[in-house]
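Colleague: Below are the sequence and a predicted model for it; my questions follow.
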Amino acid sequence: MNFKKILLIVVLLFSKSSFTQIKVCKAAKSSQTIKSIQWEVNDLVYRTKKSVVKPFSKTIYAIVKEKGGEKKVPLFYNGDNEWVFRYSSSTVGSQSFIINSEIKELNGKKGRFIISKNEKKERHGGVVLNEKDPRHFYYEDGSHYFNLAFECDWLFALDYGEENISKTEHLLGLINENGFNQVVMNVYAYDPDLDWVKDESLKQNPQHDYGAREDIFPFLGSNSKPDYSDLNYTFFKHFDKVIAAMHDKEIVSHLMIYVWNKRVAWPKAGSDADNMYYDYIIKRYQAFPNIIWDVSKEAANKIAIQQNENIVEHIEERIVRTRNLDAFNRLVSVHDFGFCKNHKDDVDFISTQDWKFLLYESMINVYNLFPNKPVFNIEHGGYEASPYNVFPGGYSNAEICLRRNYLCVFAGVYTTYYWQAAAWNAVIHNPFEQPEGIVKPRFDYFKYMSKLFDKVNFENFKPVTKYNTRSYVLSNSKEGVVMQYFPKEVHSDDIKRMLENQFNYANATSQWFNTITGEFTKEQKLEFKYKYGFWDWRPYRNEADAILIIRNLEQKKN
């Protein structure tokens with residue numbers, strides 16, 4: 001191969017086995033044709049024979065023309081004289097592209113994508129909003145998306161420096177198998193055992209502590225001795241593997257670009273180094289359909305304000321910057337309720353962090369405050385217990401943590417799960433392979449939750465509070481389905497009043513769902529059994545929180 005010529009490398013990501021299969025092609029003298037599949041990510045890597053001074057200052061992008069319009073997709077620099085055009089498509093058919101560049105060797109390079117339909121059942125594209133139903137998330141293909149997130153801030157660090165990402169793959173496999181379809185994660189975080197970790201036993205198991213590795217840093221140097229003159233391309237090549245593995249499993253990366261409540265040595269906000277880093281993230285990862293942008297974790301807390309007194313203005317500028325750079329229009333939010341509340345038109349969905357004891361009531365208030373936005377309680381205070389007492393939050397009992405997730409969902413908002421040995425810098429990637437006696441997480445509780453709301457289509461329900469006395473109600477008037485959530489301590493609650501006001505229920509059926517075991521009772525004709533003047537029958541009482549599902553209701557005509 002003649003290395004004096006520009007080489008075109010077509011990188012086809014996401015094999016089922018490891019991570020990447022790379023097809024290397026000799027640069028075509030004329031237009032290059034690349035065959036791809038809907039929502040498949042392709043890397044076209046151009047190598048220049050001359051080094052480019054200040055590559056991040058160069059404007060280089062591809063104009064992609066497809067049926068109905070065109071995209072302006074920025075290329076990113078990958079070190080070693082490589083420039084990457086990363087592309088995926090949600091539409092099928094023929095799409096042409098031409099590169100516009102200040103770099104003479106790359107300017108005018110062109111080609112064509114032939115995109116065929118993705119036939120895989122698990123492939124649905126990115127997460128989007130729906131104008132007809134602005135409260136809920138959907139996949140690009142229009143199908144249902146029940147947002148159930150799993151926090152793993154240090155996912156980027158699990159296999160750093162290794163040839164494969166076996167630990168990452170194992171943990172992602174568990175996340176996927178148990179119904180989670182999104183990971184709340186940082187691009188980078190750092191915590192030198194000062195703020196959160198109080199459990200001395202973690203020091204006896206350093207293999208589980210990823211908080212302060214000095215060999216991991218998105219810039220040159222380290223977090224302790226940063227060098228902002230350039231980015232660490234090794235870091236981002238590893239991060240590619242993580243995001244690609246998530247895409248392979250249809251797991252969304254809720255990607256927090258900054259984190260300001262750790263000890264990260266970020267460059268000064270708005271500086272050249274800061275802009276270089278931020279723009280690079282948007283350029284490099286926008287083509288992945290499984291991306292949701294979150295400008296920063298703890299975006300406007302005290303630490304963030306200490307680092308930048310103009311933090312709100314900085315976040316506003318970052319949102320505009322994101323939308324200008326992102327040709328794929330991925331969703332954008334900010335991990336701060338105050339910011340989202342005051343800038344609701346700037347974000348695509350509302351992120352809130354609400355630990356209140358009366359969580360349901362608080363979530364109903366937020367739900368009602370934003371009738372045209374999805375609401376996502378990204379932090380509800382439930383941190384399920386683990387072998388390490390990393391950050392107990394407000395609640396650590398597994399069943400109580402599960403209940404708080406259900407309280408969010410029955411208030412019409414989306415939710416996040418935390419396990420203390422995965423959410424922060426302590427990460428046990430293989431919890432079920434730990435010795436006997438070690439606390440294991442109850443991921444299975446959420447597998448059952450996910451199956452339930454996939455089965456009934458969560459987006460078709462809305463919370464009804466008028467008749468709640470000892471339970472919580474979701475109603476789907478259009479399809480004639482009502483769900484009533486009972487904490488296990490509750491005897492019963494009378495839903496008959498609501499049914500009588502809204503529905504004819506002569507042909508209705510009832511079925512119970514056990515939130516702990518995932519068990520469904522047999523569906524049977526709806527009957528009300530009374531004792532002491534109120535409905536007084538339900539299974540699983542004092543054993544498990546349960547949900548009554550009533551179907552075949554007929555909406556009354558006004």
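Modeller: In hand now; what should we look at? A quick note: this is a predicted structure, and the numbers were derived from the prediction, not measured.

Colleague: Where do the helices of the stretch 401-550 of the chain begin and end?
Modeller: Residue ranges of the helices in the stretch 401-550 of the chain, as given by DSSP state H, counting those that start in this stretch, are 444-456, 496-502.

Colleague: scratch that, the chain
Modeller: With DSSP state H, the ranges of helices along the chain come out as 166-177, 233-248, 272-285, 302-307, 311-325, 337-342, 359-369, 398-410, 444-456, 496-502.

Colleague: any idea which of these scores lowest on pLDDT?
Modeller: The stretch with the lowest mean pLDDT among the helices of the chain is helix 302-307, at a mean of 66.

Colleague: Out of the helices of the stretch 401-550 of the chain, which one sits most buried?
Modeller: Highest mean neighbour count of those: helix 444-456, a mean of 19 (counted as mean count of other Cβ atoms under 10 Å). Just so you know, the C-beta spots here come from the backbone N, C-alpha and C atoms, and that holds for glycine as well.

Colleague: What is that helix packed up against?
Modeller: Under the contact definition 3 or more Cβ pairs under 8 Å, 6 or more residues apart in numbering; DSSP states H and E, helix 444-456 sits against strand 148-151, helix 398-410, strand 509-514.

Colleague: So for residue 252, which of the helices of the stretch 401-550 of the chain sits nearest?
Modeller: Taking Cβ to Cβ, helix 444-456 is the member of these nearest to residue 252, at 13.5 Å.

Colleague: Now do that closest one: distance to the chain's middle.
Modeller: With Cα atoms, centre = their mean, to the nearest Å as the basis, the distance from the averaged C-alpha position of helix 444-456 to the chain average is 17 Å.

Colleague: now the angle from it to helix 398-410?
Modeller: An angle of 20 degrees separates the directions of helix 444-456 and helix 398-410 when computed by axes from the mean of the first three to the mean of the last three Cα atoms, to 10 degrees.

Colleague: so where is the chain shaky, pLDDT-wise?
Modeller: Of all residues in the chain, those with pLDDT under 70 make up the ranges 1-30, 193-198, 301-307, 531-536, 558.

Colleague: give me every residue that touches the residue lying closest to residue 428 once chain neighbours are set aside.
Modeller: What sits nearest to residue 428 in space, not counting adjacent residues and going by Cβ to Cβ, 6 or more residues apart in numbering, is residue 421, at 4.3 Å. With contacts defined as Cβ atoms under 8 Å, 6 or more residues apart in numbering, the neighbours of residue 421 are 208, 386-388, 390, 427-428, 431, 441.

Colleague: from these, which single one is nearest residue 111?
Modeller: Looking at the contacts of residue 421 and their distance to residue 111, the nearest is residue 427, at 40.9 Å (Cβ to Cβ).

Colleague: Is it correct that that closest one is in contact with residue 158?
Modeller: Yes - under the criterion of Cβ atoms under 8 Å, residue 427 makes contact with residue 158 at 6.4 Å.

Colleague: looking at the helices and strands packed on helix 444-456, which is buried most?
Modeller: With neighbours defined by mean count of other Cβ under 10 Å, none of those is more surrounded on average than strand 148-151, at a mean of 25.

Colleague: Correct me if wrong: residue 268 contacts residue 274.
Modeller: Yes - here residue 268 reaches residue 274: they are 6.4 Å apart, a contact under Cβ under 8 Å.

Colleague: and those two? which has more neighbours close in?
Modeller: Neighbour totals were compared for residue 268 and residue 274, and residue 274 leads with 18 against 11 (other Cβ atoms under 10 Å).

Colleague: okay, how far is it across stretch 248-267, tip to tip?
Modeller: Looking at stretch 248-267, the gap from its leading to its trailing residue is 33 Å under the measure Cα to Cα, to the nearest Å.

Colleague: List the buried residues in it.
Modeller: Within stretch 248-267, the residues scored as buried using 16 or more other Cβ atoms under 10 Å are 248-264, 266-267.

Colleague: Leaving out the residues flanking it, which one is nearest to residue 155?
Modeller: With sequence-adjacent residues excluded and distances taken as Cβ to Cβ, 6+ apart, residue 155 is closest to residue 185, at 4.8 Å.

Colleague: How many residues are close by that neighbour?
Modeller: For residue 185, the tally of surrounding residues (other Cβ under 10 Å) stands at 24.

Colleague: need the contact list for it.
Modeller: With contact taken as Cβ under 8 Å, 6+ apart, residue 185 is in contact with 151-153, 155-156, 253-256.

Colleague: need those in JSON lines with distance to residue 486, can you?
Modeller: Supplementary listing: the contacts of residue 185 in JSON lines, determined by distance: Cβ to Cβ, whole Å:
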{"residue": "151", "distance to residue 486": "28"}
{"residue": "152", "distance to residue 486": "31"}
{"residue": "153", "distance to residue 486": "34"}
{"residue": "155", "distance to residue 486": "35"}
{"residue": "156", "distance to residue 486": "40"}
{"residue": "253", "distance to residue 486": "35"}
{"residue": "254", "distance to residue 486": "31"}
{"residue": "255", "distance to residue 486": "37"}
{"residue": "256", "distance to residue 486": "35"}
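
Colleague: Alright, calling it a day.
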